[in-house]
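Novice: quick one, fold the following:
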Amino acid sequence: MRLKLPFDAEGIFLERKSKFTGVALVEEKETPIHIHNTGRLPLLEKGKRVLLKRAESGRRKTNWDLLAVEHRGEFVFVHSGYHSIVARKILEELFTGSMIENEKRFGNSRFDFLIDEKIFVEVKGCTYEEDGVAMFPDAPTGRGRRHIGELIKSVESGFKALLLILVFLESNCFLPNRNVDPAFSEIFWHALNSGVEIGVFRVKYDGEYLYSTEKLSICEEV
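Specialist: Numbers count the residues shown, from 1 in each chain. Okay, the predicted model is just below:
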């Protein structure tokens, strides 16, 4: 998977004002930026280098979108608005020639994709890591728990299901974040034991391209 997405400016992150807004130093000016990510993003700290994309809409309150944050020697992509585009490209490589439909409803949820009218796919982006272990979520997520519950129901109804996890920072393997959201961790393992497939892919960003490099395993839970 390779997606061209060059950044337009580099800045220094100053502070997060709210869930979706922050301030960065861009061309020596304090500039408001949009943060398209509902997570806590603990890696987004004052003084870190950030990569920004100029906003296309003139109706926006901010002229810049946050794309990536420098963290441990790499730029970690944090803009969740591109998750479905990245995921679709990965799925097109995994399911060559298949019909891939966006935003398909099942039960009380709308899944990100439906493949060949028989495989539901839900996508999650991971930007949190501890001791080489990628973890999701970095904040409690009722929506995430509901989606996985619906994936389990879809399997029980005769469909196949895939939870596709995009890991955007250097990691050795993946685990659900039991400390942050024990209920999510519980339903994750239940889904795995119920026939939901889990695919974890490492996605890197070099300032010009997003690209997948390897499939990660699920760690052994301690």
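
Novice: please make it C-alpha for all contacts and neighbour counts, starting now.
Specialist: Noted.

Novice: ranges for the helices of the protein?
Specialist: Ranges of helices in the chain, per DSSP state H, are 83-94, 142-156, 182-193.

Novice: how about residue 174, what does it touch?
Specialist: By C-alpha atoms under 8 Å, 6 or more residues apart in numbering, the contact set of residue 174 is 133, 134, 135, 200, 216, 217, 218, 219.

Novice: repeat for residue 99
Specialist: Counted by C-alpha under 8 Å, 6+ apart, residue 99 has contacts 115, 116, 117.

Novice: what are the phi and psi values at the last one?
Specialist: Just to be clear, that refers to residue 117. Phi and psi for residue 117, reported as degrees, to the nearest 10, are phi 60, psi 20.

Novice: next, count neighbours for it.
Specialist: 14 (other C-alpha atoms under 10 Å).

Novice: verify the stated contact: residue 24 with residue 44.
Specialist: No - using C-alpha atoms under 8 Å, residue 24 is not in contact with residue 44; the gap is 11.2 Å.

Novice: so for those two, which sits in the more crowded spot?
Specialist: residue 24 (26 against 20).

Novice: not counting its neighbours along the chain, what's nearest the more buried one?
Specialist: residue 13 (4.3 Å; C-alpha to C-alpha, 6 or more residues apart in numbering).

Novice: list the contacts of that neighbour.
Specialist: Counting by C-alpha under 8 Å, 6+ apart, residue 13 has contacts 23, 24, 25, 44, 45, 46, 47, 48, 49, 50.

Novice: from the residues you listed, which is closest to residue 168?
Specialist: residue 44 (13.7 Å; C-alpha to C-alpha).

Novice: could you check how far the closest one is from residue 219?
Specialist: Distance of residue 44 to residue 219, given as C-alpha to C-alpha, to the nearest Å: 25 Å.

Novice: again, but for residue 174
Specialist: The value you get for residue 174 to residue 219, if C-alpha to C-alpha is used, is 6 Å.

Novice: picking that back up, so how far is residue 7 from the residue nearest to residue 24?
Specialist: From residue 13 to residue 7 the distance is 15 Å (C-alpha to C-alpha).

Novice: burial count for the nearest residue to residue 54 once chain neighbours are set aside?
Specialist: Closest residue to residue 54 apart from its sequence neighbours, by C-alpha to C-alpha, 6+ apart: residue 64 at 4.7 Å. Other residues near residue 64 come to 22 when the count uses other C-alpha under 10 Å.
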